[in-house]
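1. Predicted coordinates and the sequence they were generated for:
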Amino acid sequence: MLRKRMPVAEPYKIKMVEPLIMCSRDYRKKAISDAHYNTFLLQSSDVYIDLLTDSGTAAMSEYQWAGIMLGDEAYAGSKNFYVLERAVQKHYGYEFVLPTHQGRGAEHIISKLLIKPGDYVPGNMYFTTTRAHQELAGGTFVDVIIDEAHDATSLHPFKGNVDLEKLKNLVGMVGRERVPYLNLQACVNMAGGQPFSLSNLRSVSEYCSGQGIKIILDATRCLENAWFIKQKEPGFAHWSIAEILREICAYTDGCTMSGKKDLLVNIGGFLGLRDLHLYEKACELGTLFEGLHTYGGMAGRDMEAMARGIEEAVKEEHLNQRIGQVHYLAEKIQENGVPIVLPVGGHAVYLDASAMLPHLSQDQFPAQSLAAALYLETGVRAMERGVVSAGRDKASGEHNYPKLELVRLTVPRRVYTNSHMDVVAYGVGLCKERREKIKGLRMVYEPDSMRFFQARFELLEKKSNAIKSPRKNSACVSENAKTLAKNQR
Ligand code: F0G
């Protein structure tokens with residue numbers, strides 16, 4: 001029988017394709033061992049479906065590519081800067097815009113500007129680079145997200161909400177002069193891409209403005225957050241995504257943005273501000289660490305592509321497909337009985353590695369082990385978001401043990417089809433079937449900060465072979481890189 005409603009398809013057709021090659025299991029076994037069981041150290045040509053991140057991995061549209069050709073690479077006053085500035089003003093509402101090379105460039109500047117040594121920076125869960133910059137500026141991050149965010153099974157629709165009581169307790173304890181701002185992340189990454197609600201933001205904003213505490217929005221995935229508000233929060237079903245976005249930003253004093261996510265570009269970001277004085281100070285720091293204020297860390301052409309990305313990203317049909325595909329993957333994975341974080345967020349499906357591998361303790365890095373096993377079994381690359389990502393406590397030197405030990409399957413925007421998602425779901429099911437064979441890991445090289453990027457591991461069955469200094473992962477010359485090069489000749 002014909003279905004009642006027309007199925008929803010991707011709101012684009014494909015103009016250019018990039019070949020994918022799947023290498024053999026034996027080859028993958030060597031590749032993951034050469035990468036020291038860290039998926040960040042794999043060569044991308046050895047990966048079949050790459051779900052490491054949704055950051056900088058989007059497919060740009062023809063409109064964006066056309067914009068690339070309009071790049072004005074003047075050192076000062078590039079016309080593309082003004083196009084970007086207007087797009088940010090129109091959709092995000094911040095009057096002052098400082099382009100940065102990516103999100104962490106903006107985090108660096110705002111942290112240096114607002115945080116004094118000894119300050120506390122509350123946030124709705126940490127993000128790795130954000131917290132690192134807060135600490136670098138002498139601050140201490142304090143988690144004020146609601147408890148439900150730390151529970152992979154809680155079905156709270158807005159797990160990204162700030163717990164106002166936790167925030168008030170912090171301010172009561174340390175004094176409001178020690179709390180320069182609240183860092184509010186949209187679609188909280190480490191919690192599984194969970195949104196906050198507008199009603200939560202309104203009450204948080206009321207409290208913060210009363211206390212003279214700024215709100216700095218991490219707007220990296222704010223459009224996805226706006227989509228969830230439209231879907232789930234009473235009273236917003238008839239608002240457009242653009243209207244909800246404006247409304248969110250209106251309650252905040254500024255934003256840091258990684259354009260590599262929502263904004264459909266491969267590089268770039270910005271700092272958005274309302275206060276002229278703060279902006280002028282940001283420009284001074286920007287000139288030192290990024291570049292002159294009319295390009296910051298970006299080429300003219302990339303600013304044009306990001307400005308055009310903003311216009312495309314606020315369209316509802318784009319977000320319907322984008323988040324719809326993530327939810328499609330989640331459904332397929334759940335059909336195989338694999339535990340995932342619920343509700344499903346906007347950019348990724350998070351496998352609950354502790355539930356899937358109960359035979360591994362957190363010290364044996366279950367999420368890291370599962371990500372390595374997924375690559376071995378299927379060639380799919382995912383990312384650890386558990387104890388390795390959480391790093392160590394600065395004071396005690398102990399691992400930070402997060403309640404969530406997750407593997408993130410992050411879906412790049414406009415890149416893969418649902419057939420790819422079927423393959424991924426199958427691969428995850430295969431890992432579940434073989435889960436008892438998945439061994440734990442021992443960390444044998446650990447960088448001091450952001451350790452998850454370069455840390456090295458070995459399988460627990462082996463005798464420890466700890467190495468102290470980093471060595472480049474160049475031992476294995478990629479089989480696929482050779483094949484691809486040959487095919488292109
Ligand atoms: N904030 C959030 C919420 C992020 O997810 C990221 C990056 C950043 C800030 C930093 O932005 O990479 O442009 O400097 N997240 C990437 C990820 C790395 O894979 O989730 P950046």
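-> Received the coordinates, thanks.
2. Please count neighbours and contacts with C-alpha atoms only from this point.
-> Noted.
3. doesn't Glu377 fall inside a strand?
-> No - applying DSSP: H, G, I helix; E, B strand; the rest coil, one finds Glu377 to be helix, outside a strand.
4. tell me the contacts of the residue nearest to Gln211 when sequence neighbours are not counted?
-> Sequence neighbours aside, Arg176 is the residue nearest to Gln211 in space, at 6.7 Å (criterion: CA to CA, 6 or more residues apart in numbering). Contact analysis of Arg176 by CA atoms under 8 Å, 6 or more residues apart in numbering lists Gln211, Gly212, Ile213.
5. For ChimeraX, what selects the buried ones among these?
-> ChimeraX command restricting these to the buried ones, with burial defined by 16 or more other CA atoms under 10 Å:
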select :213
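6. The contacts of Arg176 also near the ligand: which ones?
-> When contact is defined as CA under 6 Å from any ligand atom, these do not meet the ligand at all.
7. Neighbours of the closest residue to Gly105 other than its chain neighbours, how many?
-> Excluding the flanking residues, the one nearest Gly105 by CA to CA, 6+ apart is Glu290, at 7.1 Å. Neighbour count for Glu290, taken as other CA atoms under 10 Å: 23.
8. if you skip the residues just before and after it, what's nearest to Asp54?
-> Pro412 (4.3 Å).
9. what about the strands in the chain?
-> Using DSSP state E, the strands found in the chain span residues 49-50, 96-100, 120-123, 140-143, 181-185, 214-218, 254-258, 269-273, 348-352, 380-381, 383-385, 406-410, 441-445, 456-459.
10. Which one, of those strands, ends up nearest to Gln364?
-> Nearest to Gln364, of all the strands of the chain, is strand 441-445, at 5.2 Å by CA to CA.
11. what's near enough to touch the closest residue in space to Trp239 that isn't next to it in sequence?
-> Closest residue to Trp239 apart from its sequence neighbours, by CA to CA, 6+ apart: Lys230 at 6.8 Å. Listed by CA under 8 Å, 6+ apart, the contact set of Lys230 reads Phe236, Ala237, His238, Trp239, Ser240, Ile241, Ile244.
12. these two touch, right, the first one and Trp227?
-> Same thing as Phe236. No - using CA atoms under 8 Å, Phe236 is not in contact with Trp227; the gap is 9.8 Å.
13. The two - which one has more neighbours?
-> Neighbour count, other CA under 10 Å: between Phe236 and Trp227, Trp227 has more, with 25 against 18.
14. check contacts around the closest residue to Tyr426 other than its chain neighbours.
-> Excluding its sequence neighbours, the residue lying closest to Tyr426 (CA to CA, 6+ apart) is Ile333, at 7.5 Å. Neighbouring residues of Ile333 by CA under 8 Å, 6+ apart: Ala425, Tyr426, Val428, Gly429.
15. I'd like to know how far Ile333 sits from Leu430.
-> As for Ile333, its distance to Leu430 is 11 Å (criterion: CA to CA, to the nearest Å).
16. do Thr417 as well
-> From Thr417 to Leu430 the distance is 20 Å (CA to CA).
17. Between these two, point out the one with more neighbours.
-> Neighbours per residue (other CA under 10 Å) separate Thr417 from Leu430, with Leu430 holding more: 16 against 10.
18. Does at least one residue of stretch 401-409 sit close to the ligand?
-> No - on the criterion CA under 6 Å from any ligand atom, stretch 401-409 is out of touch with the ligand, staying 9.2 Å away.
19. now stretch 289-304
-> No - Stretch 289-304 does not reach the ligand (CA under 6 Å from any ligand atom); its nearest approach is 11.5 Å.
20. Which parts of that stretch count as buried, going by neighbours?
-> By neighbour count on 16+ other CA under 10 Å, the buried set for stretch 289-304 is 289-304.
21. Show me the contact partners of stretch 159-167.
-> Counting by CA under 8 Å, 6+ apart, 122-124, 144-149, 185-188, 191, 194-197, 200-201, 204 sit against stretch 159-167.
22. right, I mislabeled it, should have said stretch 259-270
-> Stretch 259-270 is contacted from outside by 54-60, 97-103, 105-106, 220-224, 256-258, 297-298, 302-303, 305-306, 309-310, 312-313, 413, using CA under 8 Å, 6+ apart.
23. what about it, distance to the chain center?
-> Its chain's C-alpha centre and that of stretch 259-270 lie 11 Å apart, by CA atoms, centre = their mean, to the nearest Å.
24. now the end-to-end length of it.
-> From its first residue to its last, stretch 259-270 covers 7 Å (CA to CA).
25. What are the buried residues along that stretch?
-> Buried, per 16+ other CA under 10 Å, within stretch 259-270: Gly259, Lys260, Lys261, Asp262, Leu263, Leu264, Val265, Asn266, Ile267, Gly268, Gly269, Phe270.
26. same thing with stretch 107-117?
-> Glu107, His108, Ile109, Ile110, Ser111, Lys112, Leu113, Leu114, Ile115, Lys116.
27. Would you mind pulling the contact partners of it?
-> Here stretch 107-117 makes contact (CA under 8 Å, 6+ apart) with 129-130, 133-134, 137-139, 180-181, 256, 271, 278, 281-282, 285-286.
28. Return the distance of that stretch from the chain's centre.
-> Remark: stretch 107-117 is offset 21 Å from the chain centroid, using CA atoms, centre = their mean.
29. What would it look like as PDB? C-alpha coordinates only.
-> C-alpha atoms of stretch 107-117 as PDB (Å, rounded to 0.1, in the frame of the first residue of the first chain):
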ATOM      1  CA  GLU A 107      37.800  30.300  23.200                       C
ATOM      2  CA  HIS A 108      41.400  31.300  23.700                       C
ATOM      3  CA  ILE A 109      40.600  35.000  23.300                       C
ATOM      4  CA  ILE A 110      37.500  35.100  25.500                       C
ATOM      5  CA  SER A 111      39.200  33.100  28.300                       C
ATOM      6  CA  LYS A 112      42.200  35.300  28.300                       C
ATOM      7  CA  LEU A 113      39.900  38.400  28.300                       C
ATOM      8  CA  LEU A 114      37.500  37.500  31.000                       C
ATOM      9  CA  ILE A 115      39.100  35.000  33.300                       C
ATOM     10  CA  LYS A 116      41.500  36.100  36.100                       C
ATOM     11  CA  PRO A 117      43.700  33.500  37.900                       C
END
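30. So is that stretch next to the ligand?
-> No - Stretch 107-117 lies out of reach of the ligand by CA under 6 Å from any ligand atom, never closer than 7.6 Å.
31. Look at the spatially most central residue of the chain and report its pLDDT.
-> By CA atoms, centre = their mean, the chain has its centre lying nearest to Asn189, at 5.4 Å. Asn189 is assigned 94 on the pLDDT scale.
32. so where's the chain uncertain?
-> Along the chain, the model assigns pLDDT under 70 to residues 462-489.
33. Leu41 reaches Gln454, doesn't it?
-> Yes - counting by CA under 8 Å, Leu41 does reach Gln454; the two are 7.0 Å apart.
34. For Ile49, which residues are in contact?
-> Leu20, Gly379, Val380, Arg381, His420, Val424.
35. ok, the last one to Glu331 distance?
-> Pointing back at Val424 there. Val424 is 12 Å from Glu331, by CA to CA.
36. higher neighbour count, those two?
-> More crowded of Val424 and Glu331, by other CA under 10 Å: Val424, with 25 against 16.
37. Quick check: closest non-adjacent residue to the more buried one.
-> That would be Val380: by CA to CA, 6+ apart, it lies 6.8 Å from Val424.
38. what number of residues lie near His156?
-> Under the neighbour criterion other CA under 10 Å, His156 is assigned a count of 15.
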